[in-house]
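A.B. asks: the following comprises the amino acid sequence and a computationally predicted model.
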Number of protein chains: 2
Amino acid sequence: MSDIRELSFNDTNSSTKSLGEQTSERIVRLIIDSDWKSGDKLPNEYDLASSLNVGRSTIREAIKALVSRNVLEIRRGAGTFISDKCGIADDPLGLTFVKDKYKLALDLLEVRFMIEPSIASIAATKATDEEIEQMSNLCDEIESLILKDEPYLEKDIEFHTAIAKSSKNLVVVNLIPIINRSITIFIDITNRKLRNETIETHREILNSIKEHNANGAHDAMLLHLVYNRRNIASIIGKERNY
Amino acid sequence: MSDIRELSFNDTNSSTKSLGEQTSERIVRLIIDSDWKSGDKLPNEYDLASSLNVGRSTIREAIKALVSRNVLEIRRGAGTFISDKCGIADDPLGLTFVKDKYKLALDLLEVRFMIEPSIASIAATKATDEEIEQMSNLCDEIESLILKDEPYLEKDIEFHTAIAKSSKNLVVVNLIPIINRSITIFIDITNRKLRNETIETHREILNSIKEHNANGAHDAMLLHLVYNRRNIASIIGKERNY
């Protein structure tokens, strides 16, 4: 007897689902079972329709729904592919519907305080040499972008995601980019003030992970977040006075 | 000049979006600006088409996409309503695509260890009398379900969500139910073993929050999670031997 459940996320009410929705779920199952990865091409409509034994209009409806869910992407003239967004919604936490964006930015950062120092210390114990090299390269790239006064946000998110990845926690690796990107969607924290602090604290985090020093990585990440929170608080303070 | 951005989640590439996708975004904006809440009815297709100045087939396409995103729900014969899922995806973190469900369950729990004790201690300092009363009722209901040997999972998630809500962190209140439900989608942790431990640790968490004892709430939540992790580890250990 198995305690593990081979269910998808809304199997419970499958009787109330439309044929299109059921077909979406079957395509998801097909992707998992076939081990298709992001960038792989989906079979064409005709082949899918005959292998799933439904009409082509049902396939089209199912594909549209999976595009909305970021599972698939349509490249015009080329076909339908597994999306590199891995089925992670654009706004998975429904933050679009939060009204107070200032409070939201601080709450997102509060979650980073809960997760990222722990993750940095786990990373310090688990990161492989290849992973450390990748973090080191990202650290160099960010430093060089900052010194050239160019936008470094994408690389910054990649750096934090690389740390999450090396912690080997499958949930955090998806969660960190969502949270870190959400903050910057609502508040422009890429102002010039934090340039030196970012370079220094990133370097400290990296060095601690390199030395497999768990407490060092924890504390360096905490310091990094403290600078970020003070910066956001000062932006918000300024805004609220105007 | 404002540092805050009034952007939605994928505004950056709006030029590459189809009319249907653009219309979805405009409906989302309309929902936010009109302050429509879950359960409110959306204007009919005809009125939406004329107020957004697009065709009815475009409206239908946009509505379908928003149904997939859990922003809207269609009730047959009644119309289209704002979904009570608040736009939070069924599987927001893309966990369907993780292969090793055992590891996933432990990783989800690891994230609960990072978040929930901190949240419990914040709740202890911020919970209002009404919120404490609601938690207390949930605690009673769970206890009575456990003693009658009935399923208590939904109430359990509600209890942890009520604690998250009383912490006033807007992100955590959405994140906790996602993580707690995901664990139970993959692993059946509602076996009889944890009945007494659940009743006792829930009661301890509640009492600490009632007394506004932050450390007490932190530690009681930690203990609760320790029992859960040991239970999951024993289920997994058993599974892996078979």
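C.D. replies: Structure's in. What do you need? Being a predicted model, the structure only gives us computed values, none of them experimental. Numbers count the residues shown, from 1 in each chain, chains lettered A, B, ... in the order given.

A.B. asks: ok and the residue in chain A nearest chain B?
C.D. replies: With Cβ to the nearest Cβ as the measure, A:Pro92 is the residue of chain A nearest to chain B, at 3.2 Å. The C-beta positions use only the backbone N, C-alpha and C, and glycine is treated the same way.

A.B. asks: wait, a strand at that residue?
C.D. replies: No - according to DSSP: H, G, I helix; E, B strand; the rest coil, A:Pro92 belongs to no strand; its state is coil.

A.B. asks: what sits against it?
C.D. replies: The neighbourhood of A:Pro92, defined by Cβ atoms under 8 Å, 6 or more residues apart in numbering or on different chains, consists of A:178, B:88-89, B:92-93.

A.B. asks: with adjacent residues omitted, what lies nearest to it?
C.D. replies: In space, not counting the residues next to it along the chain, A:Pro92 is nearest to B:Pro92; the distance is 3.2 Å by Cβ to Cβ, 6 or more residues apart in numbering or on different chains.

A.B. asks: swap in A:Gln134?
C.D. replies: Spatially, and ignoring its direct neighbours in sequence, A:Gln134 is nearest to A:Ala162 (5.5 Å; Cβ to Cβ, 6+ apart).

A.B. asks: okay, and the most centrally placed residue in chain A sits in which element?
C.D. replies: Among the residues of chain A, A:Pro177 comes closest to the average C-alpha position under Cα atoms, centre = their mean, at 3.3 Å. Remark: A:Pro177 resides in helix A:172-186, with elements defined by DSSP states H and E.

A.B. asks: right, and the helix or strand after the worst-scoring helix or strand of chain A on mean pLDDT?
C.D. replies: Each helix and strand of chain A was given a mean pLDDT (mean pLDDT, DSSP states H and E); the minimum falls on helix A:172-186 at a mean of 83. Counting by DSSP H and E, the next helix or strand C-terminal to helix A:172-186 is helix A:195-210.

A.B. asks: okay, and the nearest residue to A:Tyr152 once chain neighbours are set aside sits in which element?
C.D. replies: Sequence neighbours aside, A:Leu145 is the residue nearest to A:Tyr152 in space, at 4.0 Å (criterion: Cβ to Cβ, 6+ apart). Assigned by DSSP H and E, A:Leu145 belongs to helix A:129-147.

A.B. asks: may I have the next helix or strand after that helix exported as CSV, CA atoms only?
C.D. replies: Beyond helix A:129-147 in the direction of the C-terminus, DSSP H and E gives the next helix or strand as helix A:153-166. Once non-C-alpha atoms are left out, helix A:153-166 reads as follows in CSV (Å, rounded to 0.1, in the frame of the first residue of the first chain):
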residue,chain,number,x,y,z
LEU,A,153,18.7,43.2,-11.7
GLU,A,154,18.4,40.0,-13.9
LYS,A,155,21.9,38.9,-12.8
ASP,A,156,21.1,39.7,-9.2
ILE,A,157,18.1,37.4,-9.3
GLU,A,158,20.2,34.7,-11.0
PHE,A,159,22.8,35.0,-8.2
HIS,A,160,20.2,34.5,-5.5
THR,A,161,18.6,31.7,-7.5
ALA,A,162,21.9,29.9,-7.9
ILE,A,163,22.4,30.0,-4.1
ALA,A,164,18.8,28.6,-3.7
LYS,A,165,19.6,25.9,-6.3
SER,A,166,22.8,24.8,-4.5
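
A.B. asks: quick one, helix A:153-166 and helix A:129-147 angle?
C.D. replies: Note on geometry: by axes from the mean of the first three to the mean of the last three Cα atoms, to 10 degrees, helix A:153-166 and helix A:129-147 are set 160 degrees apart in direction.
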